[in-house]
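1. output the structure for:
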Amino acid sequence: MRNVDKKILYMMMATIWVLIFLCSCSLFDASDKKVGNIDFTVINPEELPEEIREMIEERQKEDFQMAYHDGSYSYIIVGYGQQETSGYSIQVKDVYQGENGIWVDTNLIGPEKSETVEAVPSYPYVVIKIEIVDQTIRFKS
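-> The predicted model follows:
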């Protein structure tokens, strides 16, 4: 092959790869644009099904995000791993229907400066209960 033919071939191959890359990115767009509200309830730890308690205990030392479905409800669990003291809480900012699934937006809130805390590790997590869904659950935090 001549050098000119090789250059044209390389340019065509590069163009094809760029097109494939651009198309694949649009297929997996994780747009968080809100299109609807989702009713949810934050569950008290005492009310958790045993299966969820066990899953949390296994993962609590690290940050984690997961969902559990029991046939009637979907439980969305967000944990922020081990914190050095007590006094942490989690704010559920929003749970909503996005263009590409259910979005969960949470925020870890540290102890107030004036708050008395214990110097023992804590493992803050939140469990959110929603009507059962067959959609991807995505997380913001």
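2. only C-alpha atoms from now on, for both contacts and neighbour counts.
-> Will do.
3. how about the helices in the protein?
-> For the chain, the helices defined by DSSP state H cover 3-27, 50-59.
4. can you give me the buried ones in the shortest one?
-> When burial is assessed from 16 or more other CA atoms under 10 Å, helix 50-59 yields the following buried residues: 52, 56.
5. please apply the same query to stretch 134-141.
-> So for stretch 134-141, counting by 16+ other CA under 10 Å, buried means 137-139.
6. and it, how far out from the chain's middle?
-> 5 Å (CA atoms, centre = their mean, to the nearest Å).
7. from here on, call the first residue 34.
-> Fine by me, first position is 34 from now on; the one you just mentioned is stretch 167-174.
8. which stretch in the helices of the chain has the least confidence?
-> Of all the helices of the chain, the minimum mean pLDDT falls on helix 36-60 (a mean of 60).
9. neighbours of the closest residue to Val75 other than its chain neighbours, how many?
-> Leaving out its chain neighbours, the residue that sits closest to Val75 by CA to CA, 6 or more residues apart in numbering is Ile161, at 4.6 Å. Neighbours of Ile161 under the rule other CA atoms under 10 Å: 18.
10. just checking, Ile161 touches Pro78?
-> No - counting by CA atoms under 8 Å, Ile161 does not reach Pro78; the two are 10.9 Å apart.
11. where do the strands sit along the protein?
-> With strands called from DSSP state E, the chain shows them at 67-70, 74-75, 96-102, 106-113, 122-131, 134-142, 158-164, 170-173.
12. turn the ones you listed into JSON lines, columns for distance to Glu83 and mean pLDDT.
-> Output for the strands of the chain, formatted as JSON lines (distance: least, CA to CA, whole Å; pLDDT from 0 to 100):
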{"stretch": "strand 67-70", "distance to Glu83": "29", "mean pLDDT": "94"}
{"stretch": "strand 74-75", "distance to Glu83": "17", "mean pLDDT": "98"}
{"stretch": "strand 96-102", "distance to Glu83": "12", "mean pLDDT": "96"}
{"stretch": "strand 106-113", "distance to Glu83": "13", "mean pLDDT": "97"}
{"stretch": "strand 122-131", "distance to Glu83": "21", "mean pLDDT": "97"}
{"stretch": "strand 134-142", "distance to Glu83": "23", "mean pLDDT": "97"}
{"stretch": "strand 158-164", "distance to Glu83": "13", "mean pLDDT": "98"}
{"stretch": "strand 170-173", "distance to Glu83": "22", "mean pLDDT": "94"}
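13. nice, that's everything, thank you.
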